[in-house]
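# Sequence unavailable; structure follows:
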């Protein structure tokens, strides 16, 4: 490979029509520029410039080479400009994965705030459950994901974003369960339940919680989305287990009612997960910084 600096000097000399002017623009001496042109010509066994009293002009061979060098140089300058934009947060992309309920109820305000500050940065959000999110992360297809913690993987690192709370909710038909001081888990187990499928983190957390109290619930319905889960509960089809913060609007409007249970339901941590020791883009780092700052308030 010929030293790229030789091509750079050739490019400037061709543009200026003068080796001395090219040397001035590149802040090198005229003899150094002349030597570089000579080295390039010798390496290609051809003459690239015709010397005249006014400066230099390209030979036919020089014209052919310049057509390629010009494209390459402009591409390099474009790439350098693009990287400058990314570093100054005038461009770039943030790639995130999470599940629908978290995207809508947690990430959306951060996305809105970030977009207002950095409107030229593209934000790409993928909707997946935890396992596919982690797979995309390891494949380098996303910068980070926001999922339930803990994540047991030595190649990944997690940062807590916020704590949320699972709760049992019902519609009007079972509203009596939400009245009074509270019911026991054992009593609640006798009612029909509307739950996420067994592979989902929320369901796993519930099954573990119930098992710690010697209980197992066989749900009447297993549904994979929060919207449908709450819809079934509102329709009076049973008791749903959901994240309270994600159904706050339905509770405040009286479409759902929170069931108080005597046993204490442990909180859940949502966190930012990324690959250990893998540097993030400036844009992704800034997005995470924004989320953590807001979370501190």
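Noted; the coordinates are in hand. Model, not experiment: these values are computed from the prediction.
# Specify the residue ranges that define each domain of the chain.
For the chain, automatic domain parsing gives the domain ranges 4-87, 93-160+270-296, 166-266.
# Within the helices and strands, which one has the spatially closest residue to residue 232 that is not a sequence neighbour?
Of all residues not flanking residue 232 in the chain, residue 194 sits nearest, at 4.7 Å (Cβ to Cβ, 6 or more residues apart in numbering). Any C-beta I mention is one placed from the backbone N, CA and C, and that applies to glycine too. Residue 194 belongs to strand 193-195 when elements are defined using DSSP states H and E.
# elements contacting that strand?
Secondary-structure packing of strand 193-195 (3 or more Cβ pairs under 8 Å, 6 or more residues apart in numbering; DSSP states H and E): strand 221-222, helix 226-234, strand 239-243.
# Adding mean neighbour count and mean pLDDT, write those out as JSON lines.
Output for the helices and strands packed on strand 193-195, formatted as JSON lines (neighbours: other Cβ atoms under 10 Å; pLDDT from 0 to 100):
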{"stretch": "strand 221-222", "mean neighbour count": "15", "mean pLDDT": "97"}
{"stretch": "helix 226-234", "mean neighbour count": "19", "mean pLDDT": "95"}
{"stretch": "strand 239-243", "mean neighbour count": "23", "mean pLDDT": "96"}
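# Out of the ones you listed, the one nearest residue 252 is which?
helix 226-234 (13.3 Å; Cβ to Cβ).
# got a list of contacts for that closest one?
100-101, 169-172, 194-196, 221, 223, 238-240, 242-243, 246-247, 250, 255-256 (Cβ atoms under 8 Å, 6 or more residues apart in numbering).
# Please, where are all the strands along the stretch 1-150 of the chain?
49-52, 55-58, 93-98, 122-127, 144-148 (DSSP state E, counting those that start in this stretch).
# And the first one, what does it pack against?
Other helices and strands packing on strand 49-52, by 3+ Cβ pairs under 8 Å, 6+ apart, are strand 55-58.
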